[in-house]
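S.K.: Let me see the structure of the following:
(3 chains)
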Amino acid sequence: MIKFLKLYERFGILLFIVVGVVFLSFASPNFLKMDTILNVVAQGTYAAMVGFGMTLALTSGGFDLSVESVMALSSVFLAVFIPKVGIPLAILLAVLAAAFVGMLNGLVIAKLKVNPLITTLSMQMIVTGAALLIAGGKMIVIKQKQFMELGTGKTLGIPNQIYIMLLFFVIFYFVLYHTSFGRQVSAVGSNETASRISGVNVDLVKIGVYVLVAFTAGLTSVIRTSQALIGMPTMSAGFVLVALTVTILGGTSLAGGRGNLWGTLLAALFVSMVYYGLNLINLQIFYQMLAVGLVLLIALFIEGLRVRYLQAAKAKGIRV
Amino acid sequence: MILKQRGARVVIANQWDRFGLPFLLAVLIVVFSGLSESFRTVYNLVSNFQFAAMVGIGAIGMAFCIMSGDFDISVGSMSALVGVLGASLVPRFGGGVGVAVTVLLATALGFLNGVFVTKLKIPAFITTLGMMYIYRSLAYIYTNNTPVYIKDPFWLFLGNGVVFGVPFAIILMAVCYAAGIYLLRKTPFGRYVVAVGTNRTAARLSGINVDGIKLAVFTMVGLFVGIASVVTAATLGSVNPGMTGQGYEFQLITAVVLGGTALGGGNGNLLGAFFASMIVVYLKNGLGMKQVNSYWQFVAFGLVLIFAVGINRIKFTLLGMRET
Amino acid sequence: MPGDGELLRTYQLTKTFPGVVAVDKVDFDVRAGEIHALVGENGAGKSTLIKILGGVYMADSGRVSFDGRDVSFSSTHQSQTNKISVIYQELNLVPDLSVAENIYIGREPKSAGLLINWRRLNAQAQAMLDRLDVAIDPRAYVADLPVAQRQMVEIAKALSYESKLIIMDEPTATLTEKEVLKIFEIVKALRSQGVAIIYISHRLEEAFELSDRITVLRDGRKIGTKSTRETDRDEIIEMMVGKVVKDYFAETAATAAAKEVLLEVRGYSVAEHVEDISFRVHKGEILALAGVIGSGVHGLLQSLYGVIPRKSGEVIFEGRKVNIEKPKDAIRLGIGYVTEDRKNAGILPDMSALHNLTLTIIRAVCWLKGLFIRGREELERFQRMKQTLDIKLAGPNQRVIFLSGGNQQKVLIGRTLLTDCKALILLEPTRGIDVGAKAEIHRILRELADRGLAVILTSSELPELVNLPDRCIVLHKGRIAAEFTRETMSSEKLVAAQIGHAKDAGP
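M.R.: The predicted structure follows:
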């Protein structure tokens, strides 16, 4: 049992995937068709990408509730700047704006030592306001149709966004597990004091993390905006929930130190499968939010039980 | 010499506690009155006072929560959910039942939040984050995304009625604050809440049932949110599953922190929370006037919270107390 | 310039904290390639001294010269890069990273400047581990390693910085016999490699086995440095303990013969702390449980109060078997507890002294079972306890953090006493308190015992153990090693028993 519980952290998400696949294949004959599968995967790319960033944040022992507003900001930036400076430069500006917000988050959390909840919650407010101000409160239509190519185009029959997500996965994977920075992120989340004493520049690491989270959110927003061709100052309500859910469901520990990128990716796919399932029963969009919220609670519940069980075993003297 | 210096610092900190917020409020009112004609009207100033009831009453529960060292960010969605549920029952069961259901349901939801936090041992922020979305989506689903209007005279009275020249909402707020202050200062429960927030281990070693206290605190959050929702629904005349309670958690946390309660847990300043609630409401109103682009509200609020945290830090450092 | 291989020298090093001089004008030196033992009772200043050398604290005055240069470290990282490594009791390892990652965190070898070169990382780590001749897989997660091996990882980390001086603080506290021998091997190997080692340990046997020289600290001052070959255990103990033992505290009057049994513990085990312990505590008696770190005393007492769970065994209180699973159970039975960690687990920092003191009985001074606090009655009970314990403060509403350590401790004791407890457990009752306050607290404890309370305490301060209790049970590595009565107690015997040489302790 203990072995199972310890393995669950790394591989538990597979259970969910298997259950989901089995259930959906029975529920719908269409599910196992290539088209559908690609669609499901494509729908999961947003959650996955923002989830990668969130995974990094949780691994460092913190979290970022401002990702939604950052996405809105980037979207608005695109809408405003594409007509003025062209697509590539506008994308750059949008992403830089996102990264800037991330840097502010990191500075307040690391240097001013305000806790991540308050910081990112406030930032969410401020950036939402900023996005609304810049957009004048309206959705801005992007008239440059070529921009759509990015988000809706397909290469070799597979939607572009899947490639982008995979690219991101590879990058994050290398950063988290194979660079000094990534290892330091894990160290800070695992034991901040020990890291500091061992010479890690904890402040810099934290700032870097929040910049990356926001950067990823910004890029995800670029893809979304390109699909809708509208700059949305109130985009993606509920994204924070989805990002946190896929991160936690995927096995990343809330305590920090153990990031599970594979888990996040698979969890994003699972959530996409959940959406698909909801669509099958023709439930409205509100049910999506409810479903994700429930999934989060279930994931937290399982995690809570798991930790308590292992703690109790330790008290009994069993080697854990 | 050092004692004298420390004395001066303590005086400054204490003066801020006592006069800082009312002073700030006064400044705010003066500034906005100068900026905008519509702000200056008696009608506006008084109705703001009524709106303050929503934030003010909710802040009491949130204050206890923060004093015990936790946060509950589901309050906005909770408010929407209980509001639509209660209001929807009015046509069939009457205003009294509607009000009762709203308050009781909110209390129950607060209790539920508490159960998750204490039994599952998950940090409150993420539990209530999940609940926030769940409550909100339930509100949407239940009403099919249509607002529910309140026409029942009893309910409307609770928000808009006047008793001996004083708006009922104000009376209700005063009663709630009296109850809150009493709980905090005159009951063991209040001591326990502060103890749990200040030093959980010490509280446990002294035999305090930490889980029980936390459970009670979250239930309180629900209770006061319920009461506040009733008043607001009456004042606005409707409950909107999407709009009601948006940003409410932010307003409450800001009110409590600006009011002087320490973020990491510890002694709470309920009177301060009251004045801070007023500041929050008047600020929102002032920024909503035509002269100012109302979207500045968001930016302003975000900055206010950070500013409030900063002020608390400075105050605590001046007093030589530990930083939270 | 230092002579004949001198590596480190401190000149009149001083560090003060509010209320206590931790390090008092210490002149101390270490030679290259020597093992230098640093011994002394708790509070002697060893910890503070090495923290100054390790960059955690900055000295208030005095100089440190290392390898020919004057140095002053403002961060731990600085001291590390200057070739001084400190291995603290609380190891500074990151559990979720591998051994190799821990050793080289922040300075991993990279290929193409960006990605970690795992082969080289593991190889380098392996090289360090090989120098210590330990069989640890550099790819293993630190979280999976037992404490002994984690310690070795810390040593390997120190080596990787090419440290010339490695300071070890109680390295063997929680190790088995075999593991201790391994540490000895490693330390000796390091010496032959030219590394100097400052070795802090409560266990004099280790000092005598390993070191070339021994320095004794007491009350922040250096009492003396002796070449190990030219001294013996008795002399060192005398230096540690000093002649002060007898005139430190007023000789507290011994009580009459033991009365009835209040609390009995049978076959009691707590995971990772104690194994199969049995003893009795009588009313009116002061019983001390003594033991060095790793002996399990703290865990035992915490478990008796319900702070941590027990693995097996029985507790019999007032003749009845009881089950204590949380502090509230203990309080209800009439067992009180004063924590050793005043700051983090004892006082409620931002609350007033009044609130702090009455925390446990606040419900009792209310109308209607907890509905309305009777302020006046609360104040009265506070004043009474204040007088009994002679707590000095400006007023009941003074914030408790502004009180001196001794007065804070009295507040904590008072808080427990208000519950009319029959047994009182105190962990390190006079830690960090000045001499005068210590004597007062001892007087209070003796009075409580005379009134019929059973007082159980643990302390790492020898004078306290020798003078105060009626009986003293020494624990060693989780089991009872020896038991002394007031007549048979002596500092030498206590120290001997604590370090595991109970047989030498005599009858």
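
S.K.: going forward, measure contacts and count neighbours with C-alpha atoms only.
M.R.: Noted.

S.K.: if I look at residue A:156, how far off is residue A:162?
M.R.: 12 Å (Cα to Cα, to the nearest Å).

S.K.: which one of the two has more residues nearby?
M.R.: residue A:162 (21 against 7; other Cα atoms under 10 Å in any protein chain shown).

S.K.: And the host helix or strand of the more buried one, what's buried?
M.R.: Secondary structure from DSSP states H and E places residue A:162 in helix A:160-178. Buried positions in helix A:160-178, judged by neighbour count with 16 or more other Cα atoms under 10 Å in any protein chain shown: A:160-162, A:164-165, A:168-169, A:172-173, A:175-178.

S.K.: and it, what other elements does it pack with?
M.R.: Contacting helix A:160-178 under the criterion 3 or more Cα pairs under 8 Å, 6 or more residues apart in numbering or on different chains; DSSP states H and E are the following elements: helix A:34-59, helix A:148-152, helix A:180-190, helix A:261-280, strand C:115-116.

S.K.: Tell me which of those lies nearest to chain B.
M.R.: helix A:34-59 (11.9 Å; Cα to the nearest Cα).

S.K.: what residues does chain C put near chain A?
M.R.: Residues of chain C lying near chain A by Cα under 8 Å from any Cα of the partner chain: C:75-77, C:91-97, C:101, C:105-108, C:114-116, C:271-272, C:309-311.

S.K.: Show me how to select, in ChimeraX, the buried members of those.
M.R.: Entered in ChimeraX, the line below selects the buried ones among the residues of chain C next to chain A, by 16+ other Cα under 10 Å:
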select /C:75,76,77,91,92,93,94,95,96,97,101,105,106,108,115,116,271,272,309,310,311
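
S.K.: Which members of the residues of chain C next to chain A occur in strands, if any?
M.R.: When DSSP state E is applied, the residues of chain C next to chain A are split such that C:115, C:116 fall in strands.

S.K.: Next to chain C, which bits of chain A? Give me the list.
M.R.: Residues of chain A lying near chain C by Cα under 8 Å from any Cα: A:174, A:178-181, A:183-184, A:186-187, A:190-191, A:193-195, A:197-200, A:257-258, A:314-317.

S.K.: What pLDDT is listed against residue 35?
M.R.: No chain in the question, so chain A it is. Looking at residue A:35, its pLDDT stands at 82.

S.K.: wait, chain B
M.R.: 72.

S.K.: Can you give me the separation between it and residue C:451?
M.R.: 74 Å.

S.K.: For the chain, which residues score under the pLDDT cut-off?
M.R.: Picked chain A for this. Within chain A, the segments meeting pLDDT under 70 span A:235-236, A:317-320.

S.K.: wrong chain, I was asking about chain C
M.R.: Applying pLDDT under 70 to chain C picks out residues C:1-4, C:19, C:42-43, C:242-258, C:499-507.

S.K.: Remind me what the helix or strand hosting residue B:28 packs against, helices and strands.
M.R.: In the assignment (DSSP H and E), residue B:28 maps to helix B:21-35. Here helix B:21-35 touches helix B:37-40, helix B:270-288, going by 3+ Cα pairs under 8 Å, 6+ apart.

S.K.: then it to PDB, C-alphas only?
M.R.: Backbone C-alpha positions of helix B:21-35 (Å, rounded to 0.1, in the frame of the first residue of the first chain) are rendered in PDB as follows:
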ATOM      1  CA  LEU B  21      -8.300  55.400   8.700                       C
ATOM      2  CA  PRO B  22     -11.000  57.900   9.500                       C
ATOM      3  CA  PHE B  23      -8.600  60.600   8.400                       C
ATOM      4  CA  LEU B  24      -8.000  58.700   5.100                       C
ATOM      5  CA  LEU B  25     -11.700  58.300   4.700                       C
ATOM      6  CA  ALA B  26     -12.300  62.000   5.200                       C
ATOM      7  CA  VAL B  27      -9.600  62.900   2.700                       C
ATOM      8  CA  LEU B  28     -11.100  60.500   0.200                       C
ATOM      9  CA  ILE B  29     -14.600  62.000   0.500                       C
ATOM     10  CA  VAL B  30     -13.300  65.500   0.200                       C
ATOM     11  CA  VAL B  31     -11.200  64.700  -2.900                       C
ATOM     12  CA  PHE B  32     -13.900  63.000  -4.800                       C
ATOM     13  CA  SER B  33     -16.500  65.600  -3.800                       C
ATOM     14  CA  GLY B  34     -14.200  68.100  -5.300                       C
ATOM     15  CA  LEU B  35     -13.800  66.100  -8.500                       C
END
